[in-house]
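> Following is a predicted model, sequence given first.
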Amino acid sequence: MKKGKGIAILCIVLACILGLGYYASIILSSTGRGENQNITLGLDLAGGVSITYQIVDEDATAEQISDTVYKLQRRVEDYSTEATVTKEGNDRITVAIPGVTDANEILEDLGTPGSLEFQDPDGNVVLTGDDVENATARYVTQNGKNNAIVELKFNDEAAETFAELTGANIDKIIPIVYDGEIISSPQVTQKISGGTASIENMESFQAAETLASQIRIGSLSLELEELTSQVVGASLGQEAISTALTAAAIGLALIIVFLIAFYWIAGVATSLGLLVYATAVVAAVYLFEITLTLPGIAGIILGIGMAVDANVVINARIKEELALGKSTGAAIKTGYQKALSAIIDGNVTTLIAAAVLAAKGSGTVKGFAYTLAIGIILSMITALIVTRYSMYAIHAIGFKDVKYYGAAKEHKVVDFISRRYVFFLVSVALVAAGFIAEGVNSARGKGAFNYSLEFVGGTSTTVDLGKNYDLSEIDAEIVPLINEAIGTNEVQVQKIADTTQVIFKTRNLELAERETFAKVFEDNYSVEDSAISYQNVSETISQEMTSDAVWAVVIAVILMLIYIWFRFDDIRFATSAIIALLHDILVVLTCYALVRISVGSTFIAVMLTILGYSINDTIVTFDRIRENLRSKARVTESELKEIANRSITQTLSRSINTSVTTFVMVLLLYILGVASIREFALPLMVGVISGTYSSICIATELWFEMKIRQKASKASGKAKKGAKAKNMA
């Protein structure tokens with residue numbers, strides 16, 4: 001690359017940083033203040049609309065209510081991935097939609113859930129809304145024109161019934177009836193099999209969307225009618241946003257200083273790429289209209305860690321090539337070539353997890369998956385394009401001396417493999433401590449884990465304080481009084497906009513505890529008993545949502561195992577990587593059990609973050625083993641041991657450097673964040689440490705153990721065959 005071209009590239013990169021930085025600053029300055037150009041924040045960060053429905057059916061079963069809650073959860077995710085649906089009492093369902101403030105507009109768009117029926121020409125009900133899996137509006141090209149249609153998807157059981165219905169009524173009308181009113185009269189043109197149908201000749205796309213929405217909402221198991229709607233305030237508030245941004249800014253600055261100090265010119269190029277990444281993430285979250293919540297912040301943090309990791313892998317490779325005597329230009333080129341496979345494998349495995357979580361998860365899981373996927377894609381783009389060409393450009397303008405990059409020093413190979421049984425025992429002890437703590441907690445009647453209201457439900461108490469208090473005042477003055485009075489350490493707070501009412505959510509309160517709760521406000525704030533109302537609420541993380549998350553993780557792990565097996569052509573690599581991943585999850589569970597950290601929506605985000613971080617950390621070491629094995633056609637056990645130890649040692653600085661930078665980001669969140677953020681940051685720090693430990697001390701050691709056992713098994717088999725042949729002779 002010529003000097004002029006190098007200067008031009010650097011100018012383009014700097015222009016991108018300034019442009020994206022300015023754009024991101026506008027977005028961030030607007031976020032949380034209700035202005036037009038801002039990131040949509042979740043209910044925990046910005047509040048939103050709360051709508052309560054009354055169940056009309058008097059004989060509704062628990063199963064029907066649960067089914068309705070789950071289906072309604074799926075419906076409202078069209079408005080926000082972070083929307084939540086809960087059961088209140090025995091006959092009410094509340095929908096909370098973050099990031100919006102116009103309750104009337106939401107109610108108009110959402111509609112009132114009612115009964116939906118598909119009738120034959122004689123008026124007999126053949127199918128109901130329960131049989132509909134989904135209804136979507138879309139455009140199709142017909143006779144050279146774009147026409148709006150509504151596409152229907154029936155469940156497997158209803159598909160056959162629908163085929164019979166359409167087959168018997170060709171050229172006839174099948175009315176679709178919603179709450180006794182015909183909302184569509186499509187004519188059957190042919191028998192429709194397969195469970196998928198379309199309603200054509202819609203007058204407009206808006207009409208198609210309206211009909212699709214009515215069909216979707218009409219597929220609920222029960223009929224509902226609107227009871228109340230209100231705008232609620234954030235449960236974390238503006239302080240949580242500002243502290244998270246402050247932590248991110250300080251962390252990013254410290255990481256840049258570290259990278260430049262450790263890698264010199266390569267660190268400067270990496271920092272340029274990292275700045276592009278950080279500003280681009282903000283822009284992407286805004287442009288893709290992703291609702292950002294606390295778990296979403298976890299996805300962004302993991303993305304920053306992976307962005308740093310990709311560059312650290314590259315820089316370490318460049319220093320190794322320089323140590324071999326190559327010129328700086330050749331070292332940069334070769335360094336990128338050798339780092340490519342590790343970067344791709346590490347990011348693809350995590351991207352697989354994000355894709356499955358986005359497809360199968362719901363609520364906060366889906367929001368986490370979106371931010372994680374954006375972070376992964378942008379980290380690869382910036383590392384392989386922005387940082388790469390920045391480094392070539394800096395090299396071209398005159399920084400060609402090896403002293404500007406620093407050649408890697410020869411490190412003595414550390415014998416990790418010989419200590420593998422010690423490492424295994426340490427891991428077993430940590431995991432066992434978790435199981436013991438869970439057992440002791442259960443025996444004492446406290447529950448294995450400290451489940452939050454999102455998992456177990458509780459009591460929602462609405463108090464009219466008669467005065468408008470700030471959220472920070474409530475947290476500092478009122479919440480401690482409640483904690484002391486009813487002996488709890490978890491109170492969730494929400495304000496109802498434009499009123500003096502505040503909602504306090506606690507664990508289930510008995511009658512005596514409710515009286516004690518009321519006395520706190522009577523004695524300290526002169527609130528009369530009539531200004532306080534109570535309502536039991538169900539968990540916001542339902543069994544169905546939990547099941548979705550668990551299945552998503554299981555499927556993601558299986559797909560990652562298959563991918564690693566395919567890429568490394570050795571099932572032992574895949575198996576040991578997955579075992580190391582499970583090890584890290586169990587260690588984090590030990591932290592939750594021992595410290596009694598609240599297990600809520602952030603718990604799922606933490607576990608998913610560890611899932612992505614751990615597997616990426618391990619793959620870098622495995623990539624080096626794969627490379628070192630290529631030079632050997634056959635290896636003895638001692639050679640295999642030497643290769644394993646050398647590979648861990650060669651990637652040791654990379655593992656430590658990446659972990660330090662990620663840990664710093666999370667530590668700053670813990671130090672600067674509000675209480676809820678600290679509860680999320682602490683187990684995440686444990687996970688980062690565990691992920692580093694397992695990639696260095698567990699994963700490769702497991703692979704080696706399985707490898708030598710396979711060799712021993714083969715040798716034993718050959719010996720038995722030889723002995724048998726000798727006896728026969």
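Great, that's in hand. Numbering: from 1, shown residues only.

> buried residues in stretch 79-99?
Of the residues in stretch 79-99, those with enough neighbours to count as buried (16 or more other C-beta atoms under 10 Å) are 79-88, 91-99. Every residue, glycine included, has its C-beta placed from N, CA and C.

> Among these, which lie within strands?
Counted as lying in strands by DSSP state E, out of the buried residues of stretch 79-99, are 84-88, 92-98.

> Reformat the residues you listed as JSON lines; add pLDDT and distance to Ile604.
As requested, these are arranged in JSON lines below (pLDDT from 0 to 100; distance: C-beta to C-beta, whole Å):
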{"residue": "Thr84", "pLDDT": "78", "distance to Ile604": "13"}
{"residue": "Val85", "pLDDT": "83", "distance to Ile604": "17"}
{"residue": "Thr86", "pLDDT": "80", "distance to Ile604": "17"}
{"residue": "Lys87", "pLDDT": "81", "distance to Ile604": "20"}
{"residue": "Glu88", "pLDDT": "76", "distance to Ile604": "23"}
{"residue": "Arg92", "pLDDT": "81", "distance to Ile604": "26"}
{"residue": "Ile93", "pLDDT": "85", "distance to Ile604": "22"}
{"residue": "Thr94", "pLDDT": "83", "distance to Ile604": "21"}
{"residue": "Val95", "pLDDT": "85", "distance to Ile604": "20"}
{"residue": "Ala96", "pLDDT": "81", "distance to Ile604": "17"}
{"residue": "Ile97", "pLDDT": "80", "distance to Ile604": "20"}
{"residue": "Pro98", "pLDDT": "75", "distance to Ile604": "17"}
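
> Can you tell me which of those is closest to Ala248?
Distance to Ala248, by C-beta to C-beta, is smallest for Pro98 among these, at 20.8 Å.

> Confirm for me that the closest one is in contact with Ser50.
No - at 10.0 Å, Pro98 does not count as touching Ser50 under the criterion of C-beta atoms under 8 Å.

> ok so, going back, just the closest of the ones in strands among the buried residues of stretch 79-99 to Thr128, please.
Checking those against Thr128 with C-beta to C-beta, the nearest one is Ile93 at 19.0 Å.

> In the stretch 1-150 of the chain, where is pLDDT below threshold?
Low-confidence segments of the stretch 1-150 of the chain, defined by pLDDT under 70: 31-37, 42-47, 74, 78, 81-82, 99-114.

> if we go to 80?
Within the stretch 1-150 of the chain, the ranges that satisfy pLDDT under 80 run 28-50, 62-64, 66-68, 70-84, 88-90, 98-115, 130, 142-144.

> quick one, helices of it?
Counting by DSSP state H, counting those that start in this stretch, residue ranges of the helices within the stretch 1-150 of the chain are 3-30, 43-46, 62-76, 103-110.

> contacting residues around the residue lying closest to Leu481 once chain neighbours are set aside?
The spatial neighbour of Leu481 that comes closest, neighbours along the chain excluded (C-beta to C-beta, 6 or more residues apart in numbering), is Val520 at 5.1 Å. Under the criterion of C-beta atoms under 8 Å, 6 or more residues apart in numbering, the neighbours of Val520 are 478, 481-482, 485.
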